[in-house]
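K.L.:
Quick one, structure for this:
(one chain, ligands or ions: 1)
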Amino acid sequence: MTLSANHPLLDGRTAGSPLIAAYRGEKPSRRPVWFMRQAGRSLPEYRKLREGIGMLDSCLKPDLAAEITLQPVRRHDVDAGIFFSDIVIPLKLAGVDVDIVPGVGPVLGSPVRTAADVANLPELDDAALEPIREAVALTVAELGSTPLIGFAGAPFTLAAYMVEGRPSRDHLGPRTMMHAEPETWDALAAWAADASGKFLRAQIEAGASAGQLFDSWAGSLGLADYERHVAPASARALDAVRDLGAPLVHFGTGTSELLVAMRDVGVDVVGVDYRLPLAEANRRLGGTVPLQGNIDPALLSAPWEVLEQHVRDVVASGSGAPGHVVNLGHGVPPETDPEVLTRVVSLIHSIDQ
Ligand code: 1CP
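P.N.:
Okay, the predicted model is just below:
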């Protein structure tokens with residue numbers, strides 16, 4: 001099935017938007033910007049809505065997820081909404097015992113460590129994705145000509161939580177498994193790819209105009225491991241949505257050495273973290289794809305003059321790429337003053353293209 005005729009990408013709402021034009025390497029009417037984690041704890045209106053409601057519960061209440069997605073778009077004049085959800089939602093909807101513990105992150109009741117654990121993983125039933133489709137439909141009905149970006153976790157980042165059972169720094173569990181038990185690893189990565197692929201497909205079919213695959217922790221891998229044990233599964237997740245024709249973005253942190261391999265899983269746009277100047281990322285990629293990034297989130301709390309110069313440098317560094325969507329080099333820190341984000345958006349829109 002392809003997109004329905006009344007999808008925002010096909011009915012004239014978002015195809016000409018600055019975000020989609022830049023993602024397609026066309027000249028946008030203004031320089032597009034959005035922020036990873038623009039929804040969430042930096043916004044007082046988010047903290048108020050979330051009072052007394054668990055993170056995963058809030059993702060599964062369609063009216064709440066839609067409202068939280070819309071909050072930063074109304075406030076900041078950003079060029080896209082990012083769907084409010086989490087990379088572990090497809091696990092939860094498949095029936096895996098997972099929760100997001102405040103101050104910690106995703107925690108599994110039983111980590112997935114053996115071939116039997118992997119074989120026992122429940123399949124994600126398409127019908128379980130109904131709350132996601134409903135939330136996306138409510139969101140795009142309000143967004144009008146502003147595109148919604150759907151997302152999913154890449155198999156490595158998801159598997160990192162599944163094997164460790166909780167956030168970890170070095171991701172030793174999954175990195176050991178891919179060498180010690182490659183067949184178990186391949187089966188786990190394929191399971192995660194299929195769950196993420198279905199989650200992303202549900203969002204795009206229901207109205208998202210682009211999709212971003214987050215491989216946040218891929219930077220803990222060397223290039224050989226990435227190419228051999230991870231890239232095929234990431235390509236498999238994206239294979240689930242390619243026929244829909246929505247632009248696809250691939251982002252991870254600490255991935256300066258992986259950018260070419262991350263492009264080669266088959267994406268239209270590469271997200272760059274704050275460590276590598278965009279001009280160097282563009283050189284490594286041979287000028288083949290638009291880039292997204294990469295304001296250092298740490299500078300959001302620096303004096304305005306320092307931040308302004310950094311934003312201008314990022315814009316100048318990205319100007320040689322075939323397209324540039326301004327973003328942060330990772331998510332908005334929760335303690336960020338939201339008025340600073342609004343000011344950054346208006347600065348970016350004011351700089352000549
Ligand atoms: O109660 C809260 O506010 C919990 C914080 C929170 C939020 C706001 C979590 C827990 N998830 C989310 C929403 C979320 N997660 C979004 C939508 C919001 C937006 O971007 O505006 C998205 C895109 C994600 C994706 C996500 N979840 C990633 C990839 C992006 C990234 O930041 O690298 C990852 C790694 C997760 C796992 C996760 N979920 C939550 C936390 C605190 C974490 C990270 C834990 C860790 O350090 O490993």
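
K.L.:
How confident was the prediction at the residue of the chain most remote from its centre?
P.N.:
Most distant residue from the mean C-alpha position of the chain: residue 116, 30.3 Å away (CA atoms, centre = their mean). On pLDDT, residue 116 comes in at 98.

K.L.:
same thing with residue 1?
P.N.:
pLDDT, residue 1: 61.

K.L.:
again with the one 10 residues further on
P.N.:
pLDDT, the model's per-residue confidence, is 96 for residue 11.

K.L.:
re earlier: packing partners of whatever helix or strand the residue farthest from the centre of the chain lives in?
P.N.:
Here residue 116, judged by DSSP states H and E, is contained in helix 115-119. Helices and strands touching helix 115-119, by 3 or more CB pairs under 8 Å, 6 or more residues apart in numbering; DSSP states H and E, are helix 182-206. (C-beta placed from N, C-alpha, C; glycine too.)

K.L.:
close to the ligand, is the helix it packs on?
P.N.:
No: contact of helix 182-206 with the ligand (CB under 6 Å from any ligand atom) is absent, the minimum separation being 11.1 Å.

K.L.:
The residue in the stretch 201-350 of the chain that the ligand sits nearest to and residue 241, how far apart?
P.N.:
Nearest residue of the stretch 201-350 of the chain to the ligand: residue 216, at 3.2 Å (CB to the nearest ligand atom). Per CB to CB, to the nearest Å, residue 216 is found 19 Å from residue 241.

K.L.:
Three-state assignment for the closest residue to residue 42 other than its chain neighbours, please.
P.N.:
Distance criterion CB to CB, 6 or more residues apart in numbering; nearest residue to residue 42, sequence neighbours excluded, is residue 336 at 4.4 Å. Under DSSP: H, G, I helix; E, B strand; the rest coil, residue 336 falls in the coil class.

K.L.:
pLDDT score assigned to residue 336?
P.N.:
Note for residue 336: predicted pLDDT of 97.

K.L.:
Who are the contact partners of it?
P.N.:
42, 297, 300-301 (CB atoms under 8 Å, 6 or more residues apart in numbering).

K.L.:
Mind checking which of those residues land in strands?
P.N.:
With DSSP state E as the criterion, strands contain none of the contacts of residue 336.

K.L.:
Can you report how many residues neighbour residue 91?
P.N.:
For residue 91, the tally of surrounding residues (other CB atoms under 10 Å) stands at 28.

K.L.:
Residue 216 and residue 241 - which one has more neighbours?
P.N.:
The residue with more neighbours, out of residue 216 and residue 241, is residue 241; 25 against 21, by other CB under 10 Å.

K.L.:
pretty sure that one contacts residue 199?
P.N.:
No: judged on CB atoms under 8 Å, residue 241 makes no contact with residue 199 at a distance of 9.9 Å.

K.L.:
on contacts alone, who are the packing partners of the host helix or strand of residue 283?
P.N.:
Following DSSP H and E, one finds residue 283 within helix 278-284. On a contact count with 3+ CB pairs under 8 Å, 6+ apart, helix 278-284 meets helix 259-263, strand 291-295, helix 304-318.
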